[in-house]
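Peer 1: What follows is a predicted structure for the sequence shown.
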Number of protein chains: 2
Amino acid sequence: MSDKIEVLLFGLGAIGSFYAFILCSCPRVRLTVVARSNYAAVKENGILLKSANHGEHRFHPDHVIRSPSELSPDSAPFDYVVCTNKAIDVDSVARALAPAISGSTAIVIIQNGVGNEEPFRRLYPENPIISCVTWVGAHQPTPGVTTHTTSEATQLGLYAPTSPSAVPSLSTFIDILSTPENPHPTPLTPLAPDALQRTRWEKLMWNCAWNTLTSLTAQDCQAWLRSSDEALPLTKRLMREVVSVAHASGVALRESLVEEQIARMQGLGAARTSMQTDREMGRRMEVDVIIGTVVKGARRVGVDVPVLETVYALIRAVDGLAGAGTGGGAGAGEVRGRM
Amino acid sequence: MSDKIEVLLFGLGAIGSFYAFILCSCPRVRLTVVARSNYAAVKENGILLKSANHGEHRFHPDHVIRSPSELSPDSAPFDYVVCTNKAIDVDSVARALAPAISGSTAIVIIQNGVGNEEPFRRLYPENPIISCVTWVGAHQPTPGVTTHTTSEATQLGLYAPTSPSAVPSLSTFIDILSTPENPHPTPLTPLAPDALQRTRWEKLMWNCAWNTLTSLTAQDCQAWLRSSDEALPLTKRLMREVVSVAHASGVALRESLVEEQIARMQGLGAARTSMQTDREMGRRMEVDVIIGTVVKGARRVGVDVPVLETVYALIRAVDGLAGAGTGGGAGAGEVRGRM
């Protein structure tokens, strides 16, 4: 048996690489990472993190695997399974992680969206679930190389309902990511379950606006806001629709958040979003957990959200092109011109 | 003095080339064309039209010029100035055409949108204005070469208010485009001013939906409709908003048009739109005359049009990228990743 804390991290994109670095920095942690598209690069060279806050480091997780199915039955049981993958096909990922999850494993979700915990709760009803909202700004220009800006904050807490035995899971997870146990601590803010879900909705509102609008227009957030005198009012209207859905769903999102998030974005540089990059690269986007959840929630509670519905329909169409080239192959019966 | 009917055609895109062919086929017409991006090709080789209805023809307009400013003061006065250019900067085009417009010149507008007649009426208050709605499906894959499908219909009439002396202008224009005077006639439907504006709105509704949705999603109309179960309801809601604005503006668009236009589109092949092609080519799009007019009209009459406003804001942002590469240059302070 290991006296280390065994951690499996699933998804080595920019965010995953950032948290892998923080986890690896803790002497008590033994880290296994599941790398997919960048497996070869990470297996060969480890991960290079260039961080404005933490400096430049090349580090090597203890194990690099391609899939949870590679885990043997006599692998050490994992104390934590940390999901930093893009939140697409969340149900199938929850199933695929079964070989890594024992009765006492805490599941950590570091993803955009709301509702990401539900597939895990259904499959693993007794396990602690630690839900995290991340405000880390990072991107991975080439496989295994991640650049991190100065944006760095994590809000986290237990997903309710939960048993009292889950509490130590959360406090140990906080310990291994932060001072004094970790020489490269990352700022953490623990939240009670209610505050945590409200915070997930705050991040959701941010993503609902910026991620979708940048990917539909191929503009960064500032360029979008400058694009016409329509852009700012439209962004606010979209955000107010999210507030309405939250309220009707019992989440006390404050109205002033709209102006706060606009001001926050206006204070940033030429901010891009992950969804914008995903569209540019022809990759699937986090459509369901970000905007799909809100539109479906709105219908459930009977709130009219025409701006969100418009953006949702458009982004689903764009998402459908992922991996399919530019789409719209022209047939013989095609009609073009001024129609 | 010429005993010919002198016609100047401005804008030799796909639609312009189609009408140039019809006009050139009439023995009574002497045609001067203003070609811009395709000037060299048209000057050298004339225009090649490949039409599913009319066959394949290479034809040479009588004169090819680059700009109305090339007209000398002793040019024959034009009986008709036909605008088949893309309806962008309509005010400056109306001014640029001054050298071609004398007191008796009839101005013919064959363009998408509503309100295109207004700059001409302001500058040339006494001239007859013939306004046309075209349902010609054509595209110009290379300069000077136009492919025309079987889609072919023109609805036209006098723009009101107009003087009785304008009536002969309209009837002569109909004569030179159609049987028996023209061996390659195109089907025409004359409309009274009220019906004409209603028809412009019908085409506007068509363009408001299909042109914007295809250019935002990079999908042809059918692929858009198939993209998700959101697409069809969203398209109908957008169209119903156009109907509401028309009603509040005194234009009696019938509600059933929504279902009719959806059915008409579903019956077509993989239909693309000019705006979609414009976006792909990084060209300016007909944003103002198509969707801008409706959104501004809605605000004037106090109708809430959230779907149109969303689409308008997005398409203006995309239009702002025309000719500017992909936009969103990444600065040093850039934030990427999961934000």
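Peer 2: The structure has been received and is ready for your questions.
Peer 1: residues in contact with residue A:187?
Peer 2: A:152-154, A:178 (Cβ atoms under 8 Å, 6 or more residues apart in numbering or on different chains). Just so you know, the C-beta spots here come from the backbone N, C-alpha and C atoms, and that holds for glycine as well.
Peer 1: Kindly write the ChimeraX command that selects the buried subset of the residues you listed.
Peer 2: The ChimeraX selection below is limited to those of the contacts of residue A:187 classed as buried (16 or more other Cβ atoms under 10 Å in any protein chain shown):
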select /A:152,154,178
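Peer 1: Return the closest of the contacts of residue A:187 with respect to residue B:281.
Peer 2: residue A:152 (41.5 Å; Cβ to Cβ).
Peer 1: That closest one: what's it in contact with?
Peer 2: A:53, A:135-137, A:186-187.
Peer 1: In CSV: the contacts of residue A:187, plus secondary structure.
Peer 2: Formatted as CSV, the contacts of residue A:187 follow (DSSP: H, G, I helix; E, B strand; the rest coil):
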residue, secondary structure
A:152, coil
A:153, coil
A:154, strand
A:178, coil
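Peer 1: Got the confidence number for residue A:12?
Peer 2: For residue A:12, the pLDDT comes out at 96.
Peer 1: wait, doesn't it sit right on residue A:32?
Peer 2: No. Between residue A:12 and residue A:32 there is no contact under Cβ atoms under 8 Å: 11.3 Å.
Peer 1: all helices for chain A, in order.
Peer 2: A:14-25, A:39-45, A:90-96, A:118-123, A:167-177, A:193-217, A:221-226, A:231-248, A:257-266, A:274-280, A:287, A:293-301, A:306-319 (DSSP state H).
Peer 1: Residue B:235: which of those helices is closest?
Peer 2: Nearest to residue B:235, of the helices of chain A and by Cβ to Cβ, is helix A:306-319 at 8.3 Å.
Peer 1: Quick one: distance of the closest one to the chain centre.
Peer 2: 20 Å (Cα atoms, centre = their mean, to the nearest Å).
Peer 1: The residue of the stretch 151-300 of chain A at minimum distance from chain B: how many residues sit nearby?
Peer 2: Relative to chain B, the nearest point of the stretch 151-300 of chain A is residue A:269 (2.8 Å; Cβ to the nearest Cβ). The burial count assigned to residue A:269 is 16, neighbours taken as other Cβ atoms under 10 Å in any protein chain shown.
Peer 1: That one touches residue A:223, doesn't it?
Peer 2: No. Taking Cβ under 8 Å as the definition, residue A:269 is not a contact partner of residue A:223, at 11.3 Å.
Peer 1: circling back: most neighbours among the contacts of residue A:152, please name it.
Peer 2: residue A:137 (26 neighbours).
Peer 1: these two touch, right, that one and residue A:148?
Peer 2: Yes. Using Cβ under 8 Å, residue A:137 is in contact with residue A:148, at 7.1 Å.
Peer 1: Look up how far residue A:93 lies from residue A:68.
Peer 2: Applying Cβ to Cβ, to the nearest Å, the value for residue A:68 to residue A:93 is 9 Å.
Peer 1: Now do the shared contacts for those two.
Peer 2: Common neighbours of residue A:68 and residue A:93 (Cβ under 8 Å, 6+ apart) are residue A:10.
Peer 1: Now render the contacts of residue A:152 as TSV, adding pLDDT.
Peer 2: Formatted as TSV, the contacts of residue A:152 follow (pLDDT from 0 to 100):
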residue	pLDDT
A:53	96
A:135	92
A:136	94
A:137	90
A:186	97
A:187	97
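Peer 1: Out of the residues you listed, which comes closest to residue B:104?
Peer 2: The closest of the contacts of residue A:152, once distances to residue B:104 are taken by Cβ to Cβ, is residue A:137, at 65.7 Å.
Peer 1: and the residue lying closest to the closest one once chain neighbours are set aside, what pLDDT?
Peer 2: Ranked by Cβ to Cβ, 6 or more residues apart in numbering or on different chains and with sequence neighbours excluded, the top spatial neighbour of residue A:137 is residue A:151, at 3.4 Å. For residue A:151, the pLDDT comes out at 89.
Peer 1: Likewise for the one 3 residues further on?
Peer 2: In the predicted model, residue A:154 carries a pLDDT score of 97.
Peer 1: Can you list the low-confidence ranges for chain A?
Peer 2: A:1-2, A:323-339 (pLDDT under 70).
Peer 1: mind giving me the domain ranges of it?
Peer 2: Following the TED database, one gets these domains for chain A: A:5-191, A:196-325.
Peer 1: can you put these in a markdown table and add distance to residue B:112?
Peer 2: Listed next are these as a markdown table, based on distance: least, Cβ to Cβ, whole Å:
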| stretch | distance to residue B:112 |
| --- | --- |
| domain A:5-191 | 38 |
| domain A:196-325 | 20 |
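Peer 1: which of these sits most buried?
Peer 2: The highest average neighbour count among the domains of chain A, using mean count of other Cβ atoms under 10 Å in any protein chain shown, belongs to domain A:196-325 at a mean of 20.
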